[in-house]
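Participant: Based on what follows, work out the 3D shape:
(2 chains)
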There are 2 protein chains.
Amino acid sequence: MKARFTEILLKHGFTSDKAAHCARIFTENSLDGVYTHGLNRFPAFISTIQEGLVDCEAVPELEGTNGLIEQWNGKLGPGMLNAEFCMARAISLAGEHGIGCVAVRNTNHWMRGGTYGWQAANAGFIGICFTNTIANVPPWGGIDPRLGNNPLVIAVPRPGGPVVLDMAISQFSFGKLMQYKSAGEELPVSGGYDENGDLSTNASDVISTKRLLPIGFWKGSGLSLMLDLLVTILSKGQSTKEISEKGKEYGISQVFISIRQDDPELNARLIEQILDYTKSSRPRDADKPVAYPGENTLLTRRRNLEDGIPVDEEIWKNVLAM
Amino acid sequence: MKARFTEILLKHGFTSDKAAHCARIFTENSLDGVYTHGLNRFPAFISTIQEGLVDCEAVPELEGTNGLIEQWNGKLGPGMLNAEFCMARAISLAGEHGIGCVAVRNTNHWMRGGTYGWQAANAGFIGICFTNTIANVPPWGGIDPRLGNNPLVIAVPRPGGPVVLDMAISQFSFGKLMQYKSAGEELPVSGGYDENGDLSTNASDVISTKRLLPIGFWKGSGLSLMLDLLVTILSKGQSTKEISEKGKEYGISQVFISIRQDDPELNARLIEQILDYTKSSRPRDADKPVAYPGENTLLTRRRNLEDGIPVDEEIWKNVLAM
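Facilitator: Numbers count the residues shown, from 1 in each chain, chains lettered A, B, ... in the order given. Predicted coordinates for the structure are as follows:
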């Protein structure tokens, strides 16, 4: 899969270094079971290159600093490469000062946000990052989508494998809705509104209205707004408003924060204690013990490394023909 | 109200300075319409003093630093005073370095988390803070509560009044559930589980099971866990596990982050643009335009300043007799 992605990216103007880099991120996303932001998203990514929304030659440029906070311009480069670069900068700043914060404007979709949480955790650092998106969530009490589903990632390193929360502020990410739609499955809980303004468990309805339900109703609506405010004023980049008015999601704004561990051994004991306690809750379904965020990712990765990555045959065929 | 609170606090061993300070915070919480963490909570706060869970003489002590991150010991002092102190430290660090982060262990309930968001915003800074609590939320897929509802506050300063999100990770805070219970009202959406393990809109049921529903089901469950991990490893303090095993909520852990505004005028324009766009969503109910977090707080404050603070007569009578 990685070899095939690399070949295609080379055809579309990527340098061999960047092609290998992007191909690895897409492949690892599928390897970890985040198929929506791996193989399944690859053709759409190539389209953004063809449309000129993503500039595969661009590299981020430092525009300013606010004390220790760095402000970068992503120059509309590939979102995954910009995001990885910014998290690396945040880690480097955290290594020096305990905490590091990098804001980037004019960047693009980072695909799976968890990638950059894992990146920080693998380096032994705490990683926190969030992004804005095009409007796809109505604010609480409203009909028209005016908020993004603005994914939020929080990662904590741990010897046995990190704890990584990677969540859109909508109850289902857009990719997840697409997955339910193409599988023809009902959503397990309401995912948004249909065109009559009623809550719906039908993924197609929610995709067509672009009225995704935020987590916790009024609470997720508020959280999504705050994340857009933070990425916009820290990066001086485009807000969900400006992204939405262009009608296509590009040139978005993101923030990356990293924190150094002062005492990894003590932290590891504290983390284990918290996870053990959480997992000691009796399961509602005897076959499904309580899991922490990221726990199943490691299991999926191991299984897919042994058995191969399961693919949507249709999409894989398309990619082979690209 | 403030004068009465001050008198009572003086009787319970507070210095006049600290009594005035705590009385102001409790009164302002009620003034802003957060009655659950103002007057209504005051008698319970006095009980924690009488039980010796809160030490009104304690002052926070610096225990260490992790680069620019400061680690304080709250010495079991009043949670509101410790929280205000820590946010002030974070603001001061942010003034110097652009970003400041303070972790505190051995502290106590901060009452209304929004207080410290307003504090940062009033000083012209962004404020972010979060806390752990006793376990009152089952992790997703589990029956027994093992997570706190760990309130999260994000505040952004703004000339026309700050935007302040102040939310527990449960769909309803414990205080809010008590409010619905005493008013005999049904919750507008499910707030947790009854003793049969079914979702319930009855506040009494949820209070008695201590199984609050996290926002967004599995997502809030993950977010609550991450916040406990962060406050615990950054402060080296007690986790929700340790707090819960003592059976009483004291000696908790918190984190305060502040960010300096580099260009307040530009930020004000960006914020206004985002709020205007959000509020341009057609309302579902014509009488209720979309509001941003904190907007109604200012309206309530103004109304209560003019008309007086509405009180629960029973509680007010008790406080007059204390």
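Participant: which residues does residue A:290 contact?
Facilitator: A:278-279, A:281, A:283, B:139-142, B:146 (Cβ atoms under 8 Å, 6 or more residues apart in numbering or on different chains). C-beta: built from backbone N, CA, C; applies to glycine.
Participant: switch to 6 Å and redo it
Facilitator: By Cβ atoms under 6 Å, 6 or more residues apart in numbering or on different chains, the contact list for residue A:290 reads A:279, A:281, B:139, B:141-142.
Participant: Which two of those have the greatest separation?
Facilitator: Pairwise distances across these peak at 10.0 Å for A:279 and B:141 (criterion: Cβ to Cβ).
Participant: quick one: contacts for the residue sitting nearest the centre point of chain A?
Facilitator: For chain A, residue A:113 is the residue whose C-alpha lies nearest the centre (Cα atoms, centre = their mean; 2.2 Å). Counting by Cβ under 6 Å, 6+ apart, residue A:113 touches A:151, A:153, A:166.
Participant: Out of those, who's the most crowded?
Facilitator: residue A:153 (27 neighbours; other Cβ atoms under 10 Å in any protein chain shown).
Participant: Need the three-state assignment for it.
Facilitator: Assigned by DSSP: H, G, I helix; E, B strand; the rest coil, the conformation of residue A:153 is strand.
Participant: That one touches residue A:115, doesn't it?
Facilitator: No: applying Cβ atoms under 6 Å as the test, residue A:153 and residue A:115 come out as separate, 8.6 Å apart.
Participant: quick one: the closest residue to residue A:186 other than its chain neighbours and residue A:235, what's the gap?
Facilitator: Closest residue to residue A:186 apart from its sequence neighbours, by Cβ to Cβ, 6 or more residues apart in numbering or on different chains: residue A:201 at 4.9 Å. The gap separating residue A:201 from residue A:235 is 36 Å, by Cβ to Cβ, to the nearest Å.
Participant: So between the two, which is more surrounded?
Facilitator: Shown here are residue A:201 and residue A:235; by other Cβ under 10 Å, residue A:235 has more neighbours (28 against 16).
Participant: For the more buried one, which residues are in contact?
Facilitator: The contact partners of residue A:235, by Cβ under 6 Å, 6+ apart, come to A:103-105, A:253.
Participant: Also residue A:114?
Facilitator: With Cβ under 6 Å, 6+ apart, residue A:114 has these contacts: A:153, A:164, A:166.
Participant: Let's verify the second one: helix, strand, or coil?
Facilitator: Here residue A:164 is strand, with the state taken from three-state DSSP.
Participant: Most neighbours of all the contacts of residue A:290, which one?
Facilitator: That'd be residue B:139 among those, by other Cβ under 10 Å, with 26 neighbours.
Participant: In three-state terms, how would that residue be classified?
Facilitator: coil.
Participant: Wait, it touches residue A:280, no?
Facilitator: No: between residue B:139 and residue A:280 there is no contact, the gap being 9.5 Å when judged by Cβ under 6 Å.
Participant: distance of the residue nearest to residue A:186 from residue A:188?
Facilitator: Taking Cβ to Cβ, one finds residue A:201 at 8 Å from residue A:188.
Participant: cool, and residue A:177?
Facilitator: 12 Å.
Participant: Likewise for residue A:77?
Facilitator: 37 Å.
Participant: Neighbour count for these two, which is higher?
Facilitator: For residue A:77 versus residue A:188, neighbours defined as other Cβ under 10 Å are more numerous around residue A:77 (23 against 12).
Participant: Next, the contact list for that one, please.
Facilitator: Contacts of residue A:77 by Cβ under 6 Å, 6+ apart are A:55, A:58.
Participant: Please report the distance of it from residue A:109.
Facilitator: For residue A:77, the distance to residue A:109 - Cβ to Cβ - is 12 Å.
Participant: what does residue A:201 give?
Facilitator: Counting by Cβ to Cβ, the gap from residue A:201 to residue A:109 is 26 Å.
Participant: With residue A:263 instead?
Facilitator: In terms of Cβ to Cβ, residue A:263 sits 36 Å off from residue A:109.
Participant: count of residues packed around the closest residue to residue A:181 other than its chain neighbours?
Facilitator: Leaving aside its sequence neighbours, residue A:181 sits nearest to residue A:203 (Cβ to Cβ, 6+ apart; 4.2 Å). Burial of residue A:203 is recorded as 23 neighbouring residues (other Cβ under 10 Å).
Participant: Kindly report the same for residue A:313.
Facilitator: 8.
Participant: could you list every residue that touches residue A:239?
Facilitator: Contacts of residue A:239 by Cβ under 6 Å, 6+ apart are A:228, A:232, B:274.
Participant: From chain B, how far off is residue A:179?
Facilitator: Between residue A:179 and chain B the distance is 16 Å, computed by Cβ to the nearest Cβ, to the nearest Å.
Participant: and stretch A:123-140, does that touch chain B?
Facilitator: Yes: Stretch A:123-140 reaches chain B (Cβ under 6 Å from any Cβ of the partner chain) through A:138-139.
Participant: got the CA positions of that stretch in PDB?
Facilitator: Provided in PDB are the C-alpha atoms of stretch A:123-140 (Å, rounded to 0.1, in the frame of the first residue of the first chain):
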ATOM      1  CA  ALA A 123       8.800  11.000  21.500                       C
ATOM      2  CA  GLY A 124       7.900  10.700  25.200                       C
ATOM      3  CA  PHE A 125       5.900  14.000  25.300                       C
ATOM      4  CA  ILE A 126       2.300  14.900  26.000                       C
ATOM      5  CA  GLY A 127       0.700  16.100  22.800                       C
ATOM      6  CA  ILE A 128      -2.500  18.200  22.400                       C
ATOM      7  CA  CYS A 129      -3.700  19.500  19.100                       C
ATOM      8  CA  PHE A 130      -6.800  20.800  17.500                       C
ATOM      9  CA  THR A 131      -8.000  22.200  14.100                       C
ATOM     10  CA  ASN A 132     -10.900  24.000  12.600                       C
ATOM     11  CA  THR A 133     -12.900  22.700   9.600                       C
ATOM     12  CA  ILE A 134     -15.600  23.900   7.300                       C
ATOM     13  CA  ALA A 135     -19.000  24.500   9.000                       C
ATOM     14  CA  ASN A 136     -20.900  21.200   9.400                       C
ATOM     15  CA  VAL A 137     -22.400  21.600  12.900                       C
ATOM     16  CA  PRO A 138     -25.300  24.000  13.700                       C
ATOM     17  CA  PRO A 139     -24.700  26.000  16.900                       C
ATOM     18  CA  TRP A 140     -27.000  24.900  19.700                       C
END
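Participant: Residue A:6 is in what secondary structure piece?
Facilitator: According to DSSP states H and E, residue A:6 maps onto helix A:2-11.
Participant: Tell me the helix or strand right after that helix.
Facilitator: By DSSP H and E, the next helix or strand past helix A:2-11 is helix A:16-31.
Participant: And for that following helix, what's in contact with it?
Facilitator: With Cβ under 6 Å, 6+ apart, helix A:16-31 has contacts from A:1-2, A:5-6, A:9-10, A:37-39, A:42, A:78, A:80, A:112, A:115, A:301, A:304, A:309.
Participant: and it with helix A:2-11, angle?
Facilitator: 140 degrees (axes from the mean of the first three to the mean of the last three Cα atoms, to 10 degrees).
Participant: Just the buried residues of the helix or strand following helix A:16-31, please?
Facilitator: Remark: after helix A:16-31, the chain's next helix or strand is helix A:42-50, criterion DSSP H and E. Judged by neighbour count (16 or more other Cβ atoms under 10 Å in any protein chain shown), helix A:42-50 contains these buried residues: A:42, A:45-46, A:48-49.
Participant: Out of these, which is nearest to chain B?
Facilitator: residue A:48 (24.1 Å; Cβ to the nearest Cβ).
Participant: excluding its backbone neighbours, what's nearest the closest one?
Facilitator: Here the residue nearest residue A:48, using Cβ to Cβ, 6+ apart, is residue A:54, at 4.5 Å.
Participant: Report the separation between the one you found and chain B.
Facilitator: When distance is defined by Cβ to the nearest Cβ, residue A:54 is 24 Å away from chain B.
Participant: Same question for residue A:120.
Facilitator: 13 Å.
Participant: what does residue A:4 give?
Facilitator: Taking Cβ to the nearest Cβ, one finds residue A:4 at 33 Å from chain B.
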